[in-house]
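A.B. asks: heads up, no residue letters with this:
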């Protein structure tokens with residue numbers, strides 16, 4: 001649908017409104033009635049939007065834009081100095097699912113100092129990785145086991161579990177000997193690989209018990 005300039009101005013204004021409900025409705029409208037002239041506004045807004053639900057709707061609106069225009073613009077955001085810009089671009093690229101962007105999911109992004117960016121990179125990588133690159137990705141992710149808080153570790157375990165059995169060799173060679181926390185994270189990920197439906201907290205408790213007692217003693221207790 002063609003949009004008039006006054007209509008576009010009002011939509012841009014609504015996307016930056018003080019009230020999050022107004023912004024949410026504006027993002028919904030942008031996805032319901034896609035307008036290529038709003039692409040830049042949507043991408044720019046993703047980088048600064050404070051509300052999770054509005055950000056999610058902005059991502060949906062971007063997936064409704066032509067991928068040929070949206071993907072290059074999102075790739076440019078991966079080099080942004082603003083962490084949220086990088087994180088949201090990765091999240092949106094994972095939703096678009098264009099596997100040609102895989103080379104842009106770099107080691108630097110997978111190891112980004114900002115946990116939210118790294119988590120988004122892990123999720124995007126698992127969606128976009130070619131079959132022949134899965135083992136290398138698993139090795140890269142396994143090297144970060146033990147990183148961050150409970151939420152970060154859960155995300156990393158889920159990413160490895162999503163890769164499937166190709167993650168098993170990477171887990172066996174993960175650097176777990178020097179740090180009980182890393183060892184527990186390795187073990188919980190192994191447990192989840194065997195039983196993806198197991199709860200993370202329950203599996204983590206079991207992993208810590210195994211690490212503390214040793215596998216042989218834990219099996220008899």
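C.D. replies: It's in. Note that the coordinates shown come from a computational prediction; the quantities given were computed from them, not determined experimentally. Residues are numbered from 1 along each chain as shown.
A.B. asks: okay, now residue 198: neighbour count?
C.D. replies: By other Cβ atoms under 10 Å, the residues close to residue 198 number 15. Yep, even glycine has a C-beta here, placed from its N, CA and C like the rest.
A.B. asks: Would you mind listing the residues in contact with it?
C.D. replies: 191, 192 (Cβ atoms under 8 Å, 6 or more residues apart in numbering).
A.B. asks: pLDDT score assigned to it?
C.D. replies: Per-residue confidence (pLDDT) for residue 198: 74.
A.B. asks: where does it fall, phi/psi-wise?
C.D. replies: phi -70, psi 150 (degrees, to the nearest 10).
A.B. asks: Wait, residue 129 touches residue 137, no?
C.D. replies: Yes. In this structure, residue 129 is within contact of residue 137 by Cβ atoms under 8 Å, at 5.1 Å.
A.B. asks: Now do the shared contacts for the two.
C.D. replies: Joint contacts of residue 129 and residue 137 (Cβ under 8 Å, 6+ apart) are residue 163.
A.B. asks: Who has more neighbours out of those two?
C.D. replies: More crowded of residue 129 and residue 137, by other Cβ under 10 Å: residue 137, with 24 against 20.
A.B. asks: Contact partners for that one?
C.D. replies: 125, 126, 129, 163.
A.B. asks: Output those residues in TSV; the columns should cover secondary structure and distance to residue 6.
C.D. replies: TSV is the format used below for the contacts of residue 137 (DSSP: H, G, I helix; E, B strand; the rest coil; distance: Cβ to Cβ, whole Å):
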residue	secondary structure	distance to residue 6
125	helix	42
126	helix	43
129	coil	45
163	helix	49
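A.B. asks: now that we have those, which one has the most neighbours?
C.D. replies: Neighbour max across these (other Cβ under 10 Å) = residue 125, 24 neighbours.
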